[in-house]
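K.L.:
Curious how this folds, go ahead:
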Amino acid sequence: MSSTSSRAVEGADGIVSPDSYLIEHVKFHNNAGNVVDIKSFIQKIEIIEDLNHPFIEGVIFIQDAANFYEEQKICGNEKIEIRIKRTPIGGTKETISKLDITVFIAEVFNFVRSGPGKQYYKFRIVSEQLYNNQAKVLQRSFQGSIGKLVKDICTKDLKVKKATFNLDTKDIIKGVYPTIRPIQAINWLLKNAYDNGTPYFFYDTIQDGLQFNSLENLYAGDAYEEYDFIPYFDHDIGTSGAYDELRQRIEAFGSELGMGKLNDIGAGAYAATLHSLDISNKKYEKTFFNYDSSNPKKINSNKPFSDEHKVLDRKLSDLREGKNYFISLNTKAFSDHSNYHNPAYTTILKSESHLHTMGFNTHLIALNGDFGLQVGSKVSMKTVKPTTVEAAELPPVMIDKYNSSDYLVTRVVHTFDDYYKMKVTIQRDSSEVSVDA
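P.N.:
Prediction:
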């Protein structure tokens, strides 16, 4: 692979295809403090963002015909700075045309000598905070809102330079970090972090850095983009309209689906019971959750189950014995603050419902490269109904209203090879139309 994709030849008006890219540099920092641009050695780059991972990870495929491995004394801890860019043809909707990625080598693996003139190996790369996490444990007391505690750990312990924190967690809690690494401490706090009954996610993105944000905020606002699975084009290749059509075009999509209510019922997606015991005054309470009466946040307007389907002659939202949660409280542990479990007391049932219903639909879609699309984005998908090949080529076509709706991006795999392609995992917890047939 060269440092330029196969279609990255710019005309007077810019690149005409969104699968094009140019690697401006890949700066390798060796252990002596020297910097070498290794873009000519690179065969392929994969970068992964995941809504459930507080770090970027990926793999760089290296073809080394210059004895770089020995000369630089590669040992698997070096810093790499990558800049990938393009200049699209004028008039397109694309607003971000550059990726700056700073990572560290976590592992050198798959070393192969195929002949006397070449050797191949791969760099497994991760965000810097993952390295910093391995070098420290927290052994101190804490006090404050969960959002503020997460921000403090990221800035003071993990030394994160680029991050955004949603500080809407209101409860002030107090406790002690029990000799635990920073990211593990944040995940521990995350279990009891809620925003209006929705859970929080702690994740990393290429463009915006580390993020601590609630599902409610991720659902708010307009969709980043509408992606279409439609077989025809309206614009001529080489125009800005064609560029945008290619950028928004789903090349293929599929899913294992995994749709079913059997596991959801047992997981408390639609109804559940909370058993709480306050050990300070021996008070025991039962709290019931009903999906319908809880007014959950949904990415679309219609809920993911039908009231026509009943189990033991009851609607799914009335099966509160299907899942039981148990929380131990100690309201007198501190005179002016709550203990670690207190935020979960009023919101755990609704939050867990949000998490489980996110799996109502999951699709993997293939797209041309988009520097602005990242995990945590809300997107819209529009797809046509299955039809004959002849009919599919002629607009207008009938829209599949059941699959077409808003989704949340939960994973993105950026691949820079001959072309810039993306595999994007999208999920939704609801439907744009009623599930009643």
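K.L.:
does Glu251 count as helix, strand or coil?
P.N.:
strand (DSSP: H, G, I helix; E, B strand; the rest coil).
K.L.:
oh sorry, the question was meant for Lys27
P.N.:
strand.
K.L.:
tell me the contacts of the nearest residue to it once chain neighbours are set aside?
P.N.:
Nearest residue to Lys27 in three dimensions, chain neighbours excluded: Glu81, at 4.2 Å (C-beta to C-beta, 6 or more residues apart in numbering). Every C-beta, even on glycine, is put in place using the N, C-alpha and C of the backbone. Residues in contact with Glu81, defined by C-beta atoms under 8 Å, 6 or more residues apart in numbering, are 25-27, 29, 100-102.
K.L.:
List the buried residues for the helix or strand containing Glu24?
P.N.:
Under the criterion of DSSP states H and E, Glu24 resides in strand 22-29. For strand 22-29, burial by neighbour count (16 or more other C-beta atoms under 10 Å) applies to 22-24, 26-29.
K.L.:
for the record, mean pLDDT for it?
P.N.:
Mean pLDDT, computed over strand 22-29, is 97.
K.L.:
likewise stretch 301-308?
P.N.:
95.
K.L.:
what's the span of that stretch from first residue to last?
P.N.:
This stretch, stretch 301-308, spans 18 Å end to end (C-alpha to C-alpha, to the nearest Å).
K.L.:
and Gln184, that one's in a helix?
P.N.:
Yes: the assignment for Gln184 (three-state DSSP) places it in a helix.
K.L.:
Just give me the neighbour total for it.
P.N.:
Using other C-beta atoms under 10 Å, Gln184 is surrounded by 13 other residues.
K.L.:
mind listing what Asn302 touches?
P.N.:
With contact taken as C-beta under 8 Å, 6+ apart, Asn302 is in contact with 430-435.
K.L.:
ditto for Leu373
P.N.:
So Leu373 contacts 224-225, 367, 379, 409, 412, 422, 424 (C-beta under 8 Å, 6+ apart).
K.L.:
Next one: it from Leu246, what distance?
P.N.:
Distance of Leu373 to Leu246, computed by C-beta to C-beta, to the nearest Å: 14 Å.
K.L.:
State the distance from Ala271 to Pro296.
P.N.:
Counting by C-beta to C-beta - Ala271 and Pro296 are separated by 12 Å.
K.L.:
In terms of neighbours, single out the busier of those two.
P.N.:
Neighbour count, other C-beta under 10 Å: between Ala271 and Pro296, Ala271 has more, with 24 against 19.
K.L.:
right, and that one touches Tyr291 too?
P.N.:
Yes: at 6.5 Å, Ala271 counts as touching Tyr291 under the criterion of C-beta atoms under 8 Å.
K.L.:
Now the common contact residues for the two.
P.N.:
By C-beta under 8 Å, 6+ apart, Ala271 and Tyr291 have these common neighbours: 316-317.
K.L.:
Bridged to Gly14, which residues?
P.N.:
Gly11 (DSSP bridges).
K.L.:
contacting residues around it?
P.N.:
87-90.
K.L.:
Repeat that for Arg86.
P.N.:
With C-beta under 8 Å, 6+ apart, Arg86 has these contacts: 8, 15, 20-22, 97, 371.
K.L.:
Including distance to Ala185, could these go into a markdown table?
P.N.:
Converted to a markdown table, these look like this (distance: C-beta to C-beta, whole Å):
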| residue | distance to Ala185 |
| --- | --- |
| Ala8 | 43 |
| Ile15 | 44 |
| Ser20 | 42 |
| Tyr21 | 38 |
| Leu22 | 40 |
| Ser97 | 37 |
| Phe371 | 33 |
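K.L.:
For stretch 28-36, report the contacting residues that lie outside it.
P.N.:
Under the contact criterion C-beta under 8 Å, 6+ apart, stretch 28-36 has outside partners 27, 37-38, 68, 72-75, 77-81.
K.L.:
Could you rerun that using 7 Å?
P.N.:
For stretch 28-36, contacts defined as C-beta atoms under 7 Å, 6 or more residues apart in numbering pick out 27, 38, 72-73, 75, 78-80.
K.L.:
Stretch 318-337 now?
P.N.:
143, 172-174, 265-268, 270-280, 288-290, 311, 339, 341-342, 344-345, 348-349.
K.L.:
Check stretch 210-225 too.
P.N.:
Contacts of stretch 210-225 (C-beta under 7 Å, 6+ apart): 54, 129, 147, 150, 154, 160, 162-166, 168, 195-196, 198-205, 248, 297, 299, 354, 373, 376-380, 406, 408.
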